[in-house]
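# prediction below, plus the sequence it came from.
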Amino acid sequence: MSINNEKKYYLEKEGCLNPNASKIKADVFNDENEFFEKTDIVQARYEMLRSVDKDGASINSASDMYGVSRISFYKTRKAFENKGLLGLLPQKKGPKKPSKLTPVVMDFLKSERKTDPKVNSDKLAEKILKEFGCSVHPRTIEKALQPDKKKRKKSGFDQEK
């Protein structure tokens with residue numbers, strides 16, 4: 001069975017397209033079974049964990065059958081134990097928040113903004129460089145000073161067709 005284009009589109013868009021799909025050798029993902037899809041990383045990870053917990057497979061054999069390292073198996077299992085199915089979703093790589101905008105720098109920015117509400121982010125970036133010796137991109141400052149509102153990227157599943 002080959003994955004349909006719409007499903008592949010959404011898996012890829014959401015970062016859930018399994019880059020190791022071709023390495024999966026588990027019988028459950030054979031071509032006759034239309035329910036299981038190697039390219040769905042969440043499904044593949046869940047089945048890998050299930051094969052150990054419910055079918056009694058060893059971690060070595062499960063890692064081999066699902067095309068991942070043992071380290072990846074252990075990380076996946078820990079994420080699943082901590083977060084449930086959400087733990088099986090691929091995590092964003094890289095920094096999660098601006099590292100240069102420490103609480104001290106943020107207090108400084110808020111104080112500057114309070115003193116002069118019209119001061120722009122370019123000027124604030126210059127002041128941070130002068131005061132703290134670190135360079136911060138003006139757009140980072142703009143985003144940090146935005147009023148708190150839920151910053152959530154709309155996924156393809158949230159949008160109507």
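Cool, the structure landed. Please read these numbers as outputs of a predicted model, since none were measured by experiment.
# distance of R139 from N30?
To N30, R139 is 49 Å away according to Cβ to Cβ, to the nearest Å. Where you see a C-beta, it was placed from the backbone N, CA and C, and this is true even at glycine.
# could you list the domains of this protein?
Here the domain parsing of the chain from automatic domain parsing is 5-88, 103-145.
# tell me which of these sits most buried.
For these, the largest average neighbour count (mean count of other Cβ atoms under 10 Å) is found in domain 5-88, namely a mean of 15.
# where in this protein is the helix or strand with the lowest mean pLDDT?
Every helix and strand of the chain was ranked by mean pLDDT, DSSP states H and E. The lowest is helix 5-13, at a mean of 88.
# could you point out which element follows it?
Scanning forward in sequence from helix 5-13 by DSSP states H and E, the next helix or strand is helix 41-53.
# packing partners of that next one?
Helix 41-53 is packed against helix 59-65, helix 70-83, with contacts defined by 3 or more Cβ pairs under 8 Å, 6 or more residues apart in numbering; DSSP states H and E.
# who's in contact with G56?
By Cβ atoms under 8 Å, 6 or more residues apart in numbering, G56 lies in contact with nothing.
# picking that back up, same list, the domains of the chain, but as JSON lines with distance to G94 please.
Converted to JSON lines, the domains of the chain look like this (distance: least, Cβ to Cβ, whole Å):
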{"stretch": "domain 5-88", "distance to G94": "13"}
{"stretch": "domain 103-145", "distance to G94": "14"}
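# once you drop chain neighbours, what's closest to K38?
Nearest non-adjacent residue to K38, counting by Cβ to Cβ, 6 or more residues apart in numbering: A21, 4.0 Å away.
# what sits against K23?
Counting by Cβ under 8 Å, 6+ apart, K23 has contacts Y66, G67, V68.
# can I get the helices and strands packed on helix 41-53 in a markdown table including distance to V52?
A markdown table is the format used below for the helices and strands packed on helix 41-53 (distance: least, Cβ to Cβ, whole Å):
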| stretch | distance to V52 |
| --- | --- |
| helix 59-65 | 5 |
| helix 70-83 | 8 |
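# any chance of a markdown table for these, columns distance to K7 and mean pLDDT?
Formatted as a markdown table, the helices and strands packed on helix 41-53 follow (distance: least, Cβ to Cβ, whole Å; pLDDT from 0 to 100):
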| stretch | distance to K7 | mean pLDDT |
| --- | --- | --- |
| helix 59-65 | 23 | 96 |
| helix 70-83 | 22 | 96 |
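# so which strand or helix has K123?
helix 121-132.
# quick check: next helix or strand after that helix?
Going down the chain from helix 121-132, the next helix or strand is helix 138-145, by DSSP H and E.
# with that, I have no additional questions.
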